[in-house]
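Asks: quick one, structure for this:
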Amino acid sequence: MIPDCLHCAARTALAAATFASIHFSFAPDALALGYTPSTTTNGDPPRLMRCEPNRNCVSSGYLEPPNRYLSPLQTLSDRDTAYRRAVRDLSSALDGKVETVAKDYYVHVEVPGTAPGSIDDVEILFGGEGGTVNVRCEARVTLPPPPFCVKKGCINGNMDQRERVEKIARTLGLPSIDAGRMKDTAKWTPIFLNSDRVPTDLEYDDY
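Replies: Numbering: from 1, shown residues only. Coordinates of the predicted model:
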């Protein structure tokens, strides 16, 4: 197994080597990136949009394929308290670089990306039922995916964006909804450039 430090160094070197020749794909205005606000006219709830297939992006949307899906998070308190704490803790950790839409319990933060000098956008949406917190992370600069997955238990798809969401989840003390089940039943199955849709009738226990 390759040590984590060498794995990170390899990915950084790949990003630096390809930075000058890759196609730059910058995100639009932050609050328009992957967030659809609620509407009072039709009563539509706010939501995070699906990831585009050609972007370095992960999302907790249930229709995402495995290489772009990650588990929603879960609050350990009521939504108002969890939202206020998230805004406070992220503002402190990221020097105030936090944008919010309070009526929708939405938070957007910018974090350093993989390509030198680039930015990733992390979006968090606190739901009203069951304590579910949906998340989305998209790179403004798209890099080629690594050819393989070297860490046991990882999913070969947008690994850097997964790590950014995991770091923020640890900062906020929000566990993954799927964490217990994935730990108990999921097997290590590397996914190579997989962009298939998620089967609707497949459970992790069926593997």
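
Asks: can I get the CA coordinates of stretch 72-91 in CSV?
Replies: Output in CSV follows, covering the C-alpha atoms of stretch 72-91 (Å, rounded to 0.1, in the frame of the first residue of the first chain):
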residue,chain,number,x,y,z
PRO,A,72,-25.5,13.1,3.3
LEU,A,73,-24.6,14.3,6.7
GLN,A,74,-26.8,14.3,9.8
THR,A,75,-27.4,16.9,12.5
LEU,A,76,-27.2,16.0,16.2
SER,A,77,-29.5,18.8,17.2
ASP,A,78,-32.4,20.8,15.8
ARG,A,79,-32.0,22.4,12.4
ASP,A,80,-31.8,26.0,13.7
THR,A,81,-29.1,25.2,16.2
ALA,A,82,-27.1,23.1,13.8
TYR,A,83,-27.2,25.8,11.1
ARG,A,84,-26.2,28.6,13.5
ARG,A,85,-23.3,26.5,14.8
ALA,A,86,-22.2,25.6,11.3
VAL,A,87,-22.1,29.3,10.2
ARG,A,88,-20.2,30.2,13.4
ASP,A,89,-17.7,27.4,13.2
LEU,A,90,-17.0,27.7,9.4
SER,A,91,-16.6,31.5,9.7
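
Asks: how near is Arg88 to Leu172?
Replies: Distance from Arg88 to Leu172, counting by C-beta to C-beta, to the nearest Å: 10 Å. (Glycine included, C-beta is placed from N, CA and C.)

Asks: so Glu110 lies in a strand, does it not?
Replies: Yes: the assignment for Glu110 (DSSP: H, G, I helix; E, B strand; the rest coil) places it in a strand.

Asks: contacting residues around the spatially closest residue to it that is not a sequence neighbour?
Replies: Spatially, and ignoring its direct neighbours in sequence, Glu110 is nearest to Ile119 (5.0 Å; C-beta to C-beta, 6 or more residues apart in numbering). Shown in contact with Ile119 (C-beta atoms under 8 Å, 6 or more residues apart in numbering): 110-113, 139-140.

Asks: ramachandran angles for Ile119?
Replies: Backbone geometry at Ile119, expressed as degrees, to the nearest 10, gives phi -130, psi 140.

Asks: so after the strand or helix carrying Asn134, what's the next helix or strand?
Replies: Per DSSP states H and E: Asn134 is located in strand 132-139. Next helix or strand after strand 132-139 toward the C-terminus (DSSP H and E): helix 159-172.

Asks: all the strands of this protein, residue numbers only.
Replies: 35-36, 47-48, 57-59, 73-74, 98-101, 106-112, 119-126, 132-139 (DSSP state E).

Asks: how many residues are close by Leu76?
Replies: Counted by other C-beta atoms under 10 Å, the residues lying close to Leu76 total 12.

Asks: hmm, it is touching Gly173, no?
Replies: Yes: Leu76 lies in contact with Gly173 (C-beta atoms under 8 Å); the separation is 7.0 Å.
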